[in-house]
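Chemist: Model the following, please.
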Amino acid sequence: MADVDASGVIIGKNGFVIPLLRTDLAEGTEEAVSTDVNYTVSSQSAGQYATQSGRGFMAVQSMMTAENQATYAYVLGLGGQIKLALPVAKTSVANGPEALPYPKSLVSGDTVRMMSNTATDRQVALTVATNRGVYAIFQNTPTGAGEFELTHAITGQSIGQSLDGQRITHAFVSADGQNNIISGGGIYVLNGSGSVIGAASAMDSQLGAVSWSRVSIPIGLSFQAVVRCDA
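Modeler: Numbering: from 1, shown residues only. Model prediction:
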């Protein structure tokens, strides 16, 4: 695993732009990405810099990019939960910034975190937003053929435990092109009986921006998000 460049922007409803940069993001390790010191004088968290907008900062657009496989990115809130999930792409293939499904205010202490992998890492990440304005990320790294459950990137819980009673309204899936995915070309959401009640196709972030698709997937307590791969 090597260190790679990661950069991006979060844009507020008031037009204020938060430029982000980390030149040593370790592949395969989720790490924080702070503001770009070339334009913000000092390295700060996204939330801290947002306070300089002079009024409440409401994030409405974003794009995060990294070399090789940009897997997922999010804003970590003060309570240790995902406040806002961000679209991702490999550097120089994004068409953005992308609109966020549910705008969120940023405050001092909110930080951007990002996962990037090697060009051949097989990690699969499902990023979602729900009808309650909740954002979540579920991930796993398939090790061969079979079915693999995606669990919450922070808590390790299933999609049912994390989002019980909510409806997923927006989703995207980041996955390397060598995964040999056979679950509808992406992920399936299964109910308690193991029946497929939702799906989202995967995209390799090396080929373009992984951005939101509109879906309507109800979630119950015993539901799972899974990916199935061939050998």
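Chemist: so where's the chain uncertain?
Modeler: For the chain, residues meeting the criterion pLDDT under 70 lie at 1.
Chemist: check contacts around the most centrally placed residue in the chain.
Modeler: Central residue of the chain (CA atoms, centre = their mean): residue 72, 3.5 Å from the mean position. Counting by CB atoms under 8 Å, 6 or more residues apart in numbering, residue 72 touches 85, 88, 114-115, 125, 127, 137, 139, 153, 174. To be clear about C-beta, it is placed using only N, CA and C from the backbone, and glycine gets the same treatment.
Chemist: how near is it to residue 87?
Modeler: 10 Å (CB to CB, to the nearest Å).
Chemist: where exactly do the helices run in the protein?
Modeler: With DSSP state H as the definition, the chain shows helices at residue ranges 37-40, 46-50, 159-163.
Chemist: To residue 60, which of those helices lies closest?
Modeler: Of all these, helix 46-50 sits nearest to residue 60, with 12.3 Å by CB to CB.
Chemist: by contact count, what packs against that closest one?
Modeler: strand 3-12, strand 17-26, strand 98-106, strand 111-117 (3 or more CB pairs under 8 Å, 6 or more residues apart in numbering; DSSP states H and E).
Chemist: Switch the ones you listed over to TSV; also include mean neighbour count and distance to residue 41.
Modeler: Conversion of the helices and strands packed on helix 46-50 to TSV gives the following (neighbours: other CB atoms under 10 Å; distance: least, CB to CB, whole Å):
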stretch	mean neighbour count	distance to residue 41
strand 3-12	21	17
strand 17-26	18	12
strand 98-106	18	18
strand 111-117	25	18
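Chemist: For residue 144, which of those is the nearest?
Modeler: Using CB to CB as the criterion, the shortest distance between residue 144 and the helices and strands packed on helix 46-50 is 17.2 Å, found for strand 111-117.
Chemist: and for that closest one, what are the contacting residues?
Modeler: The set of residues external to strand 111-117 that reach it, using CB under 8 Å, 6+ apart, is 4, 6, 8, 10, 20, 22, 25, 27-34, 45-47, 64, 66-76, 86, 88, 123, 125, 139, 153, 176.
Chemist: Can I get the buried part of those residues as one PyMOL selection?
Modeler: The PyMOL command for the buried members of those (criterion: 16 or more other CB atoms under 10 Å) is given here:
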select buried, resi 4+6+8+10+20+22+25+27+30+33+34+45+46+47+64+66+67+68+69+70+71+72+73+74+75+76+86+88+123+125+139+153+176
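Chemist: Look up phi and psi at the nearest residue to residue 179 once chain neighbours are set aside.
Modeler: Counting by CB to CB, 6 or more residues apart in numbering, residue 122 is the residue found nearest to residue 179 once chain neighbours are left out, at 5.1 Å. Dihedral pair for residue 122: phi -100, psi 20, per degrees, to the nearest 10.
Chemist: so residue 122 touches residue 144, yeah?
Modeler: No: the pair residue 122 / residue 144 is not scored as a contact, 9.2 Å apart, by CB atoms under 8 Å.
Chemist: shared neighbours, the two?
Modeler: Common contacts of residue 122 and residue 144 (CB under 8 Å, 6+ apart): residue 229.
Chemist: Looking at the two, which one has more neighbours?
Modeler: Neighbour count, other CB atoms under 10 Å: between residue 122 and residue 144, residue 122 has more, with 22 against 10.
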